[in-house]
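return atomic coordinates for the entry below.
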Amino acid sequence: MHYEYKLPEWLAGFLLIVTVLLSFVGSGLLIAQKHAFKGKYEAVGAYLLLGCVTYQQLVYGRHSPIGSGNLGFLVRNLCLAGALLLFLAQSRIDEGRTALPGVPDPGNSVTMQSYLKLASRVLLVLLAMEFLTTMGWVGCVLTAPVVVAVAVGWYMTLSGTALLVLYLVHNVLNSAFWSLGDSYMKDVLRYEWVQTISIMGGLLMLVVNGPGELSVDERFRRKRF
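Below is the predicted model:
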């Protein structure tokens with residue numbers, strides 16, 4: 001912040017502290033969910049975290065703090081945004097409101113939810129694009145069909161679980177920060193580790209809630225009935 005954007009050190013420190021505090025508040029509101037606040041501030045927490053993700057992309061996007069470079073940093077932030085968007089939409093629909101504020105429903109809330117789930121599926125599989133090149137041709141052959149299946153919503157429980165396992169394996173193999181000593185790269189890998197875990201949480205939510213109407217699974221279900 002100080003060397004790249006020429007901000008005074010006190011202002012750079014202040015912005016970092018505010019970002020950390022807002023991230024903790026947003027995460028706390030999502031974790032508490034309906035237990036502490038009866039779901040009243042869930043959307044606020046999602047908005048805060050979406051704001052933090054957007055902020056870090058704008059500020060750090062030119063000088064990526066991760067090993068995969070600027071494009072990988074953008075892909076990871078898009079994945080996080082997809083997970084938060086899915087949570088926000090689901091929370092609002094459960095309350096009987098439109099899926100997103102200011103966005104009219106094209107018919108009914110189920111339809112809007114389906115569009116958002118489709119967008120979330122596409123965003124959540126983007127992380128696989130980052131590590132396809134790091135796993136060799138064997139990794140590509142194993143990963144590509146799973147990525148396509150999740151994106152189109154085919155056998156969502158099975159394909160989503162398989163992608164979760166792939167994300168976990170890749171995270172352990174490529175972001176093993178505990179294997180390094182006290183160095184800058186240890187901080188970079190720790191950042192990648194935690195970010196991937198967050199993306200996996202969004203993917204797990206998608207597996208539990210289903211792929212939505214705009215999916216191959218739903219098409220097959222309609223044919224059966």
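
what about Lys223, how many neighbours?
7 (other C-beta atoms under 10 Å). (Glycine included, C-beta is placed from N, CA and C.)

likewise for Phe14?
13.

then Leu126?
Leu126: 19 neighbours (other C-beta under 10 Å).

remind me, longest helix of the chain?
helix 9-37 (DSSP state H).

run through the residues that contact the most centrally placed residue in the chain.
Centroid-nearest residue in the chain: Leu80, 2.3 Å away (criterion: C-alpha atoms, centre = their mean). By C-beta atoms under 8 Å, 6 or more residues apart in numbering, Leu80 lies in contact with 49, 53, 195, 198-199, 202.

ok, these vs Leu116, which is closest?
Lowest distance from Leu116 to the contacts of Leu80 (C-beta to C-beta) belongs to Gly202, with 12.4 Å.

show me where the protein has helices.
2-5, 9-37, 42-60, 69-94, 109-124, 126-131, 136-152, 156-174, 184-209, 216-224.

please produce a markdown table containing these, extended by mean pLDDT.
Below are the helices of the chain laid out as a markdown table (pLDDT from 0 to 100):
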| stretch | mean pLDDT |
| --- | --- |
| helix 2-5 | 83 |
| helix 9-37 | 86 |
| helix 42-60 | 89 |
| helix 69-94 | 80 |
| helix 109-124 | 77 |
| helix 126-131 | 76 |
| helix 136-152 | 83 |
| helix 156-174 | 89 |
| helix 184-209 | 87 |
| helix 216-224 | 79 |
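
run a quick neighbour tally on the nearest residue to Glu42 once chain neighbours are set aside.
Counting by C-beta to C-beta, 6 or more residues apart in numbering, Glu42 lies nearest to Ser91, which is 4.7 Å off, once chain neighbours are set aside. Ser91 sits with 19 neighbouring residues when counted by other C-beta under 10 Å.

do I have it right that Ser91 meets Gly45?
No. Taking contacts as C-beta atoms under 8 Å, Ser91 lies outside contact range of Gly45: 9.4 Å.

quick one: common contacting residues for the two?
Contacts common to Ser91 and Gly45, judged by C-beta under 8 Å, 6+ apart, are absent.

against Leu206, how distant is Gly212?
Plainly put, Gly212 is 9 Å away from Leu206 if you go by C-beta to C-beta, to the nearest Å.

find residues that contact each of these two.
With C-beta under 8 Å, 6+ apart as the test, Gly212 and Leu206 both reach Lys117.

got the contact list for Leu164?
200, 203-204, 207 are the contacts of Leu164 under C-beta under 8 Å, 6+ apart.

for those, which entry has the maximal number of neighbours?
Highest count within those by other C-beta under 10 Å belongs to Leu203, 24 neighbours.

my read: it touches Gly160, true?
Yes. Counting by C-beta under 8 Å, Leu203 does reach Gly160; the two are 6.1 Å apart.
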